[in-house]
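Novice: Structure for this input, please:
(one chain, ligands or ions: 1)
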Amino acid sequence: MDLKSNHPAPVLTDPVPISKSRLGIHSSLLPYSPGAAFSSGMYIAIPRKKVIPSKLDDVRASGWLDAMKSSSPPRKKLTKDTSIDVGPDDSQLVYLSWMLKYPSAISSFERIMNYAKGKRIALFLDYDGTLSPIVDDPDRAFMSDSMRTAVRNVANYFPTAIISGRSRDKVHEFVGLTELYYAGSHGMDIVGPVRPSGNDDNNSNCIRSTDKQGKEVNLFQPASEFLPLIDEVFSSLVEITKGIEGAKVENNKFCVSVHYRNVDEKNWTTIAKSVHEILKGHPRLRLTHGRKVLEVRPVIDWDKGKAVEFLLDSLGLSECEDVLPIYVGDDRTDEDAFKVLREGNRGYGILVSSVPKESNAFYSLKDPSEVMEFLNSLVRWKKSKI
Ligand SMILES: O=P(O)(O)OC[C@H]1O[C@H](O[C@H]2O[C@H](CO)[C@@H](O)[C@H](O)[C@H]2O)[C@H](O)[C@@H](O)[C@@H]1O
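Specialist: Numbering: from 1, shown residues only. You can find the predicted model right below:
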């Protein structure tokens, strides 16, 4: 295998993801990595700030527990930028008012397609909660056959990539299609096309390889040096949480998920404390919050937004006025991608949510069944143009 790519290397920075700043976790509570710990020269050193204290009170003070509680549809709903308590009768009204800000991508379909006229659409899809419904057992989050058909059809007409927090192998196994590109571990493990220009690469994290079908691809793993550490931390987390009923630790290759969906709420503090204990010994790792899951990942400046940029570049679609990227996702980690599209005024983020949430997305869809409807509409629209 020879080394190819000219994508810029990730730079280690002070990571304050949207999710954290929104959740009240101050950046100084996140672990930092001393630059000296990195060997590849890819990273810019930043000074180590605060060491996270280990006391249980600090787990609470850092906002972890609040974040854990808010990681499932809460009784508190958001109207505009305000949190208020509402009764069940009001919830529909609140949802409708939220949809004024994030209109349905189905009812706005014509408008989106008017904007897409003359443009090439590139599609990016999250997996859990977007293509498959959220279920209690992460190993059984299967997508339906009809969704698979919809994704296959859409990938026949538009360059399409799945960008998931899961390991790339796992999400590929769940989706089971060869027509698309896959990015696992929140974009830290990408198999993308060999760039059309065939440009050579001086980035050691990008490797020219072949996929299972024998097609030439680029494998990009910006956190490859973290692999042994992630394995070690995975084992420690399995060990430290094994007495907590319902806890499940998932190895996602370049990140680790600690699930608490099936843990009694009275034990969430114990879960938080366990993860906190592990993280405080590993300043090169940080925490993000997902849907009833704590995710431990390397401190590198790489996320789903960067993965979208990388894939657009690999597809020869970056810096093109006539390209319209659309990203569909449901999770806090998808906000990084929504933000990239919104800030660059480049394309549309579509948030999948049945409850009001502040987001960097432009549009919304209620659930995976609406995602499927949207994908089918895209295919019908494209066919009508041919
Ligand atoms: O980026 P994604 O594809 O959305 O992956 C994010 C996490 O999804 C999975 O967990 C979530 O879905 C599970 C199955 O429905 C659910 O049980 C869990 O509570 C959710 O957090 C996956 O298991 C994680 O590893 C991913 O990081």
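Novice: Report the contact partners of Ser108.
Specialist: Ser108 makes contacts with Tyr363, as judged by Cβ atoms under 8 Å, 6 or more residues apart in numbering. Bear in mind the C-beta positions are built from the backbone N, C-alpha and C, glycine included.
Novice: can you give me phi and psi for it?
Specialist: The phi/psi pair for Ser108 (degrees, to the nearest 10) reads phi -100, psi 10.
Novice: cool, the one 3 residues further on as well?
Specialist: Here is the backbone geometry of Arg111 (degrees, to the nearest 10): phi -60, psi -40.
Novice: can you start the count at 40 instead of 1 from here on
Specialist: Yes, from this point I'll number from 40; that puts the last item at Arg150.
Novice: Need the pLDDT of it.
Specialist: As predicted, Arg150 sits at a pLDDT of 97.
Novice: tally of neighbours for it?
Specialist: By other Cβ atoms under 10 Å, 12 other residues sit near Arg150.
Novice: What's the separation between it and the ligand?
Specialist: As judged by Cβ to the nearest ligand atom, to the nearest Å, Arg150 and the ligand stand 27 Å apart.
Novice: Quick check: the gap between that residue and Ser423.
Specialist: Distance of Arg150 to Ser423, computed by Cβ to Cβ, to the nearest Å: 16 Å.
Novice: Over to Ser147?
Specialist: 18 Å.
Novice: Can you verify my assumption that Phe265 contacts Trp341?
Specialist: No: the criterion here is Cβ atoms under 8 Å, and Phe265 misses it with Trp341 at 10.8 Å.
Novice: okay, the two: which has more neighbours?
Specialist: Taking other Cβ under 10 Å, Phe265 and Trp341 do not tie; Trp341 has more neighbours (27 against 23).
Novice: Could I get the full set of helices for the stretch 290-425 of the chain?
Specialist: 307-319, 343-353, 374-382, 407-424 (DSSP state H, counting those that start in this stretch).
Novice: Okay, buried residues for the shortest one please.
Specialist: The neighbour-count check on helix 374-382 (16 or more other Cβ atoms under 10 Å) flags 374-381 as buried.
Novice: Using a markdown table, lay out those residues together with pLDDT and distance to the ligand.
Specialist: What follows is the buried residues of helix 374-382, written out as a markdown table (pLDDT from 0 to 100; distance: Cβ to the nearest ligand atom, whole Å):
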| residue | pLDDT | distance to the ligand |
| --- | --- | --- |
| Glu374 | 97 | 11 |
| Asp375 | 97 | 11 |
| Ala376 | 98 | 10 |
| Phe377 | 98 | 13 |
| Lys378 | 98 | 16 |
| Val379 | 97 | 16 |
| Leu380 | 97 | 16 |
| Arg381 | 96 | 19 |
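Novice: Name the residues of the stretch 190-339 of the chain found near the ligand, please.
Specialist: Within the stretch 190-339 of the chain, the positions near the ligand by Cβ under 6 Å from any ligand atom are 203-205, 289, 291, 296, 298, 300, 329-332, 334.
Novice: separation between Gly215 and Asp270?
Specialist: When Gly215 is compared with Asp270 (using Cβ to Cβ), they lie 26 Å apart.
Novice: quick check, stretch 159-173 touching the ligand?
Specialist: Yes: against the ligand, stretch 159-173 shows contacts by Cβ under 6 Å from any ligand atom at 165-168, 173.
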